[in-house]
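Novice: Following is a predicted model, sequence given first.
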Amino acid sequence: MEVAEIFRLAPLGIRVPDKLRRSCENSFLVCFAFVAGKLIGMGRAISDGEYQAAIYDLVILPEFQNKGVGSRILIELHKRLPVENIILYSVPGKESFYEKFGYSKMLTAMAKRTKDVEIFRLNGYVE
């Protein structure tokens, strides 16, 4: 699956293609970006369609990063999400990108990991 390769190259980790396909199929909304027919990025959201949404997996090939592709995907997701409250994960150090779109750091969010807890901590996702 092309998307799994984008994750690897971004680098945002390894995704199992079948699991990634199912995660997209089970999402409320998925947005793909193409250049000349080549997949260069994606973003997806889960939502109850009424109150809450979460954006996951905003990922762009490295050679297309910082060229507005991520911004376009995020704007398209926002336009299509019929909710007032949207949360998302950010790669540590990239928070300022999301702040430009009105996101603020949360003071009350909690995360529970069932695997790789220490890696999650070492990479700066949790305290």
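Specialist: Nice, I can see it.

Novice: Could you use CA atoms for every contact and neighbour count after this?
Specialist: Fine.

Novice: Which parts of the chain are helices?
Specialist: Shown for the chain, the helices assigned by DSSP state H span residues 2-9, 17-25, 69-80, 95-99, 117-122.

Novice: who's in contact with the fourth one?
Specialist: When contacts are taken as Cα atoms under 8 Å, 6 or more residues apart in numbering, the neighbours of helix 95-99 outside the stretch itself are 90, 104.

Novice: swap in the second one?
Specialist: Outside helix 17-25, the residues within contact range by Cα under 8 Å, 6+ apart are 1, 3-4, 30, 44.

Novice: Which positions within stretch 9-18 qualify as buried?
Specialist: Neighbour counts using 16 or more other Cα atoms under 10 Å place 9-10, 12, 15 of stretch 9-18 among the buried residues.

Novice: next one: stretch 51-65
Specialist: For stretch 51-65, the neighbour count (16+ other Cα under 10 Å) marks 53-61 as buried.

Novice: one step back: make a markdown table out of the helices of the chain and add mean pLDDT and distance to residue 36.
Specialist: What follows is these, written out as a markdown table (pLDDT from 0 to 100; distance: least, Cα to Cα, whole Å):
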| stretch | mean pLDDT | distance to residue 36 |
| --- | --- | --- |
| helix 2-9 | 93 | 15 |
| helix 17-25 | 96 | 22 |
| helix 69-80 | 97 | 14 |
| helix 95-99 | 95 | 26 |
| helix 117-122 | 87 | 36 |
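
Novice: returning to that earlier point: right, and out of the contacts of helix 17-25, which lies closest to residue 111?
Specialist: residue 44 (19.3 Å; Cα to Cα).

Novice: these two touch, right, the closest one and residue 26?
Specialist: No: using Cα atoms under 8 Å, residue 44 is not in contact with residue 26, being 10.0 Å away.
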